[in-house]
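Engineer: predicted model and sequence follow; I will ask about them next.
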Amino acid sequence: MQNDTIAAIATAPGRGGVGIVRLSGPEARSFVERLFRSSRPDFTTLKPYRLHHGHVYDLSGACIDEVMAAFMPGPGSYTGEDVVEISCHGSPLVVRTLLDAVLSAGARPATAGEFTKRAFMNGKMDLSQAEAVIELIDAESTTGIQTALAGLQGRMGEVVASLRSRLEHLRMAVCLAVDFPEEDVECLPLEEFDESIAQVMAEIEDLIENYQRSAPWREGVLAVLTGRVNAGKSSLLNAILGRSRAIVTDIPGTTRDFLEERIDLGGLPVNLVDTAGLRETDDVVERLGLDRSLDLLKQADLVLVVIDASASTLDEVELVLDDVMGRVAADTALVVLNKSDIAEEIDRFQRFVLSRGVQWVCVSAKTGEGLPDFLDTMRTRLVGHVPRPGRDAPTPNTREKNALMRALEELAGLRKDIAAQTPYDLLGVRLETAQSRLSEITGEMASEDVINAVFERFCIGK
């Protein structure tokens with residue numbers, strides 16, 4: 001299939017200033033030149049790495065749009081093949097018509113991720129870098145962008161290559177005496193062998209720890225607003241977002257289902273959920289919303305227990321805490337004493353909440369008082385004291401972490417075999433298997449199913 005020429009729309013759906021149709025393959029330039037007419041009278045062909053101004057016509061001779069065309073010959077292109085990109089006006093109809101014309105000229109519609117897959121197959125990037133492309137596209141925070149860029153620059157591939165090289169040197173040292181018994185060659189001493197494996201395992205464990213450390217920054221966390229009706233949960237959600245997202249009224253039970261919004265909390269992506277107020281109700285719809293809200297509490301990384309500090313009694317606060325704390329751990333809860341601007345006995349609430357072993361913050365959703373401190377506390381609670389991943393830190397994704405775990409398991413078994421003084425030829429097999437597991441990360445020994453699963457996540461056009 002790499003002998004044909006593919007084409008797809010490379011810009012996001014919808015209206016925009018510019019739309020781009022991308023082609024890749026041996027006939028990319030010739031297909032476009034069948035449709036393109038330059039505004040220069042001396043034009044002969046699309047020259048490499050230049051923008052050519054002109055118009056594109058369909059095969060019947062009808063003008064489609066005024067465009068800019070750029071030709072990038074392989075192997076110095078994204079895919080490693082001849083690539084042409086046509087920039088037109090960003091009307092969805094114009095872009096679609098332009099793609100149809102290119103397909104009529106002989107190109108084939110690209111499949112999801114096929115441009116990047118060709119880059120991988122042509123050695124322009126390894127599988128880890130290819131995954132970083134989709135992670136960069138999907139990034140929802142500045143930290144996610146930095147992590148994806150580190151992957152795109154090949155940091156994981158470099159680390160994996162180093163680990164594999166060290167295992168290969170050990171395998172050669174182990175197998176030398178086995179393969180050449182007639183030579184007077186001694187095998188690697190077991191103690192030295194075990195120590196070298198332990199060092200490699202420690203580096204793999206560091207990579208896995210990087211994954212665990214970066215998981216909140218990469219995948220996001222869940223924070224749930226809960227509390228009695230009219231405690232100000234929806235007002236607090238609106239204050240955090242800086243806009244009116246949830247309906248706010250004095251009528252109890254206004255929020256009957258949960259509302260979810262994605263926020264960037266200092267680089268940390270947070271799914272912030274406003275839930276139905278806690279109360280006994282005979283309303284079927286409200287009851288369903290309440291049940292769904294209670295299920296979310298069990299999944300949350302942080303439960304924000306909102307209390308109306310201006311109107312609640314200590315008995316009511318105790319009932320709320322008993323209700324919530326019976327479902328979540330104390331270290332998952334954060335009490336938010338709302339309406340602090342008009343609360344008269346807020347000190348009593350603070351002392352009582354502390355006596356229950358739960359942290360509290362004061363805030364006024366109406367005036368914004370205490371909101372910055374509240375958000376800082378949220379961020380600290382959600383990520384603890386774990387620093388955000390560095391820009392150049394090699395941080396594996398889930399697939400890569402699983403491959404590292406399998407390699408680590410193989411090396412742990414190898415150390416047990418060393419302790420049991422297993423024959424050297426069998427130890428060499430363990431080393432080779434561990435190398436294969438590491439090779440799955442860069443795609444050098446990944447199965448076709450794994451490779452396809454990676455590129456199926458891509459959009460068409462990338």
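Structural biologist: It's in. Numbering: from 1, shown residues only.
Engineer: that's a helix at Thr367, yeah?
Structural biologist: No - assessed with DSSP: H, G, I helix; E, B strand; the rest coil, Thr367 is coil; it does not lie in a helix.
Engineer: that one: neighbour count?
Structural biologist: 13 (other Cβ atoms under 10 Å). Where you see a C-beta, it was placed from the backbone N, CA and C, and this is true even at glycine.
Engineer: and it, how close does it get to Gly232?
Structural biologist: Using Cβ to Cβ, to the nearest Å, Thr367 is found at 12 Å from Gly232.
Engineer: just Thr79 next, same as before
Structural biologist: 54 Å.
Engineer: so what touches the helix or strand hosting Ala434?
Structural biologist: Here Ala434 sits within helix 424-442, counting by DSSP states H and E. Helix 424-442 has contacts (Cβ atoms under 8 Å, 6 or more residues apart in numbering) with 126-128, 156-157, 160-161, 163-164, 167-168, 170-171, 174-175, 177-178, 187, 193, 396, 399-400, 403-404, 406-407, 410-411, 413-414, 417-418, 445-446, 450.
Engineer: if we go to 6 Å?
Structural biologist: 126-128, 157, 160, 163-164, 167, 171, 174-175, 178, 187, 400, 403, 406-407, 410-411, 414, 417, 445-446 (Cβ atoms under 6 Å, 6 or more residues apart in numbering).
Engineer: average pLDDT for it?
Structural biologist: The average of the pLDDT scores along helix 424-442 is 87.
Engineer: and the helix or strand following it, what other elements does it pack with?
Structural biologist: Once helix 424-442 ends, the next helix or strand along the chain (criterion: DSSP H and E) is helix 448-455. For helix 448-455, the contact count by 3 or more Cβ pairs under 6 Å, 6 or more residues apart in numbering; DSSP states H and E identifies no helix or strand as a packing neighbour.
Engineer: quick check: angle from helix 448-455 to helix 424-442?
Structural biologist: Interaxial angle of helix 448-455 relative to helix 424-442 (axes from the mean of the first three to the mean of the last three Cα atoms, to 10 degrees): 30 degrees.
Engineer: for the helix holding Ala434, the distance to its chain's centre please.
Structural biologist: The gap between where helix 424-442 is centred and where its chain is centred comes out at 29 Å by Cα atoms, centre = their mean, to the nearest Å.
Engineer: buried sites along it?
Structural biologist: 424, 427-428, 430-431, 433-442 (16 or more other Cβ atoms under 10 Å).
Engineer: specify which member of those is nearest to Leu375.
Structural biologist: Ile441 (36.6 Å; Cβ to Cβ).
Engineer: from Ala407, how far out is that closest one?
Structural biologist: For Ile441, the distance to Ala407 - Cβ to Cβ - is 9 Å.
Engineer: what's the domain layout of this protein?
Structural biologist: Here the domain assignment for the chain is 6-110, 132-215+397-455, 220-383, based on automatic domain parsing.
Engineer: Val160: which element?
Structural biologist: helix 155-179.
Engineer: which SS state does the nearest residue to Thr332 once chain neighbours are set aside fall under?
Structural biologist: Distance criterion Cβ to Cβ, 6 or more residues apart in numbering; nearest residue to Thr332, sequence neighbours excluded, is Val303 at 5.4 Å. At Val303, secondary structure determined by three-state DSSP is strand.
Engineer: Val335 is in contact with Val303, correct?
Structural biologist: No - using Cβ atoms under 6 Å, Val303 is not in contact with Val335; the gap is 9.5 Å.
Engineer: just flag the most distant two among the buried residues of helix 424-442.
Structural biologist: Farthest pair in the buried residues of helix 424-442, by Cβ to Cβ: Tyr424 and Thr442, 27.9 Å.
Engineer: C-terminal to whichever strand or helix holds Arg29, what's the next element?
Structural biologist: If you go by DSSP H and E, Arg29 is part of helix 28-33. Toward the C-terminus, helix 28-33 is succeeded by strand 36-38 as the next helix or strand (DSSP H and E).
Engineer: quick one: name whatever helix or strand follows that following strand.
Structural biologist: Downstream of strand 36-38 (by DSSP H and E), the next one is strand 51-57.
Engineer: give me the residues contacting the helix or strand just after that next one.
Structural biologist: Once the chain leaves strand 51-57, the next helix or strand it forms, by DSSP H and E, is strand 63-72. The set of residues external to strand 63-72 that reach it, using Cβ under 6 Å, 6+ apart, is 29, 36, 46, 48, 51-53, 55-58, 83-89, 94, 97-98.
Engineer: just to revisit the earlier point, residues contacting the helix holding Val160, please?
Structural biologist: Under Cβ under 6 Å, 6+ apart, the answer for helix 155-179 is 126, 128, 185, 187-188, 196, 200, 394, 424-425, 427-428, 431, 434-435, 438, 441-442.
Engineer: neighbours of Leu59, just the number please.
Structural biologist: Leu59 has 10 neighbours, counted by other Cβ under 10 Å.
Engineer: excluding its backbone neighbours, what's nearest it?
Structural biologist: Ser104 (5.4 Å).
Engineer: where does the prediction get shaky in the stretch 351-462 of the chain?
Structural biologist: Within the stretch 351-462 of the chain, the segments meeting pLDDT under 70 span 384-393.
Engineer: what's stretch 295-315 in contact with?
Structural biologist: 221-227, 231-233, 273, 317, 324, 327-328, 332-340, 342-343, 346, 349, 352, 381-382.
Engineer: so, low pLDDT: which residues of the stretch 151-300 of the chain?
Structural biologist: Residues of the stretch 151-300 of the chain that meet the cut-off, pLDDT under 70, sit at 175-187, 243-258, 277-294.
Engineer: what segments of it are strands?
Structural biologist: 221-226, 259-265, 268-274 (DSSP state E, counting those that start in this stretch).
Engineer: format these as JSON lines; extra columns: mean neighbour count and distance to Ser141.
Structural biologist: Output for those, formatted as JSON lines (neighbours: other Cβ atoms under 10 Å; distance: least, Cβ to Cβ, whole Å):
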{"stretch": "strand 221-226", "mean neighbour count": "24", "distance to Ser141": "11"}
{"stretch": "strand 259-265", "mean neighbour count": "16", "distance to Ser141": "5"}
{"stretch": "strand 268-274", "mean neighbour count": "22", "distance to Ser141": "5"}
